[in-house]
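Student: quick one, fold the following:
(one chain, ligands or ions: 1)
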Amino acid sequence: MNNNYNILITGCEGQVGKEFQKIGDSDFTFVSRETLDITDSDAVQAFLRNSNFTHIINCAAYTAVDKAETEKDLCFQVNAEAVKNLALACEKYNVVLVHISSDYVYHPNNDLPIDEASTCHPKGVYAESKLAGENHIRQIIKRHIILRTSWVYSSFGNNFVKTMLRLGKEKDSLNVVNDQIGSPTYAADIASVILEMIQNGEKWGTYNFSNLGFISWAEFAKEIFKQRKLEVIVNEIPTSDYPTPASRPLNSRLIKSKITDKFNVELSYWKTSLKKCLKELDN
Ligand SMILES: NC(=O)c1ccc[n+]([C@@H]2O[C@H](COP(=O)([O-])OP(=O)(O)OC[C@H]3O[C@@H](n4cnc5c(N)ncnc54)[C@H](OP(=O)(O)O)[C@@H]3O)[C@@H](O)[C@H]2O)c1
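Tutor: Just a heads-up that it's a prediction; the model follows:
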């Protein structure tokens, strides 16, 4: 980056937040839930009033999708009300707000690839809270970027890749769903693309972003074991055989031409990014 930027990164201990920490630019200020709870609107206002930030990248979120079904208030506080706080503070202090949202906001009833103009049918508390957060941003602040992403994993935190690696060492075979189709997204790629977007001009709006290629979770699991040379049999099962408190979209096929056309960014193929993450885990 360069001296024109002064960027606050919230939720810095999460998967995406940690990727920004790994980049570790001097233009970044990192805050965790302990140092800045984004649900505390006074604290958010004070933080911005006393600083000179050009951008906030909001990596903070309530992401426990199933638990959200029984923690609706908390989920909405973090994913909707706190996002409203951030948007109001950013608007007041002339700060650009970059926010990360989810493919769950779409939850389509068909198998067609999804662009940003597709109708949203969020199902479940988490999905509804993410769309509510987005809507606050769009209503409050013009200078924003919302990135809708899917199936996030990284070498940090808990995610599908790390769960498969752990289970793959303990078991000879695993049941993994094969009828949810989407694209995994390496959190490091999210951090990189956000920085490219910030440096690439003022093109406000909502953008889909994930790695390239549409696969099922079962295919993802098989590739993780293949790249790690683990002999694990993946039994493909339908979602109906793996009930969860919150419903998952069967179709998460995000079209990414808006982000590639407007920002001229190159997307990484999912297997390539997986390889990078596994290498990172080795280190
Ligand atoms: N993970 C996925 O598969 C996925 C898919 C699509 C979209 N997304 C979106 O991508 C973004 C980043 O996800 P992620 O996987 O990096 O999430 P994550 O690993 O769960 O990190 C979220 C971070 O936010 C912090 N946080 C929670 N409540 C907060 C509060 N009130 N104030 C400040 N910080 C708070 C959490 O702290 P604690 O750990 O202390 O709670 C955690 O460090 C989120 O917006 C998420 O909705 C994720």
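
Student: just the strands in the protein please.
Tutor: For the chain, applying DSSP state E gives strands covering 7-10, 28-31, 55-58, 96-102, 144-149, 152-153, 173-177, 181-182, 185-186, 205-208, 215-216, 233-237, 251-252.

Student: so which of these is nearest Thr272?
Tutor: Taking C-beta to C-beta, strand 185-186 is the member of the strands of the chain nearest to Thr272, at 9.0 Å. In this view, the C-beta of every residue, glycine as well, is placed from N, C-alpha and C.

Student: elements contacting the closest one?
Tutor: strand 152-153, helix 270-282 (3 or more C-beta pairs under 8 Å, 6 or more residues apart in numbering; DSSP states H and E).

Student: parallel or antiparallel, list what pairs with the shortest one.
Tutor: Note on strand 152-153: by DSSP bridges, its sheet partners are strand 185-186 (parallel).

Student: what comes into contact with the partner strand?
Tutor: The contact list for strand 185-186, computed with C-beta atoms under 8 Å, 6 or more residues apart in numbering, reads 149-154, 209-211, 268, 273-274, 276-277.

Student: of the residues you listed, which is the most crowded?
Tutor: The residue in those with the most neighbours, by other C-beta atoms under 10 Å, is Ser210 (30 neighbours).

Student: chain neighbours aside, what residue packs nearest to that one?
Tutor: Nearest residue to Ser210 in three dimensions, chain neighbours excluded: Ser183, at 3.8 Å (C-beta to C-beta, 6 or more residues apart in numbering).

Student: likewise Ile259?
Tutor: Ile259 sits nearest to Tyr207 (C-beta to C-beta, 6+ apart), 4.3 Å away.

Student: and the pLDDT at that neighbour?
Tutor: At Tyr207, the model reports a pLDDT of 98.

Student: quick check: residues of the stretch 151-283 of the chain near the ligand?
Tutor: Trp151, Val152, Gly157, Ala187 (C-beta under 6 Å from any ligand atom).

Student: return the set of buried residues in stretch 26-38.
Tutor: Judged by neighbour count using 16 or more other C-beta atoms under 10 Å, the buried positions of stretch 26-38 are Asp27, Phe28, Thr29, Phe30, Val31, Ser32, Leu36, Asp37, Ile38.

Student: list of residues touching the longest helix that the chain contains?
Tutor: For the chain, the longest helix by residue count, based on DSSP state H, is helix 125-140. Outside helix 125-140, the residues that touch it by C-beta under 8 Å, 6+ apart are 61-65, 68-69, 71-72, 75-76, 78-80, 82-84, 87-88, 91, 97, 99, 101-102, 104-105, 107, 120, 122, 144, 146, 206, 246.
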